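Undergrad: here is the input, now give the coordinates:
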Amino acid sequence: MSTLHTVNKSPFTHSTLVSCMAICQPGDALLLIEDGVYAALPSSPVQKRLKTLADSGVTVAALGPDLDARGLTSRSVDWITTMDYDGFVTLSTTLKTVQSWY
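TA: Numbers count the residues shown, from 1 in each chain. All right, here's what the predicted structure looks like:
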């Protein structure tokens, strides 16, 4: 079963992303939205774990408009995919389940 996980909390202030990453499986997608996009920074406390997930077959992406709104677009790591709203909708409709982490 493939799941789209959306996380909207900053890893600098919440453990939501850590909890999410603990259950992500290859074939899943993890989309960072709202303040969750702070995880895309090189200084993020979860950067190494996110990279390990990506290397294991989990799609890791950040919502572009949320990166833009926070001035993070040019500061995010290059291996995290930047996704627009159309891409978000596509993931939501192609994966079997959507799990929002708040």
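Undergrad: what number of residues lie near the residue nearest to Leu72 when sequence neighbours are not counted?
TA: Closest residue to Leu72 apart from its sequence neighbours, by C-beta to C-beta, 6 or more residues apart in numbering: Val37 at 5.9 Å. All C-beta spots, glycine's among them, are computed from the backbone N, C-alpha and C. The number of residues packed near Val37 is 29, by other C-beta atoms under 10 Å.
Undergrad: what of Trp101?
TA: 18.
Undergrad: give me the pLDDT for it.
TA: Per-residue pLDDT puts Trp101 at 97.
Undergrad: report the beta-bridge partners for it.
TA: According to DSSP bridges, the residues that bridge with Trp101 are Val7.
Undergrad: who are the neighbours in contact with it?
TA: Contacts for Trp101 (C-beta atoms under 8 Å, 6 or more residues apart in numbering) come out as His5, Thr6, Val7, Asn8, Lys9, Thr16, Leu17, Ser19, Cys20.
Undergrad: let me see the contact set for the third one.
TA: Pointing back at Val7 there. Each residue near Val7 by C-beta under 8 Å, 6+ apart is listed here: Thr16, Leu17, Cys20, Leu30, Leu31, Leu32, Ile33, Gly36, Ala39, Trp101.
Undergrad: one more time with 10 Å
TA: Applying C-beta atoms under 10 Å, 6 or more residues apart in numbering to Val7 gives the contacts 14, 16-21, 30-37, 39, 62, 99-102.
Undergrad: list buried residues within those.
TA: 14, 16-17, 20-21, 30-37, 39, 62, 101 (16 or more other C-beta atoms under 10 Å).
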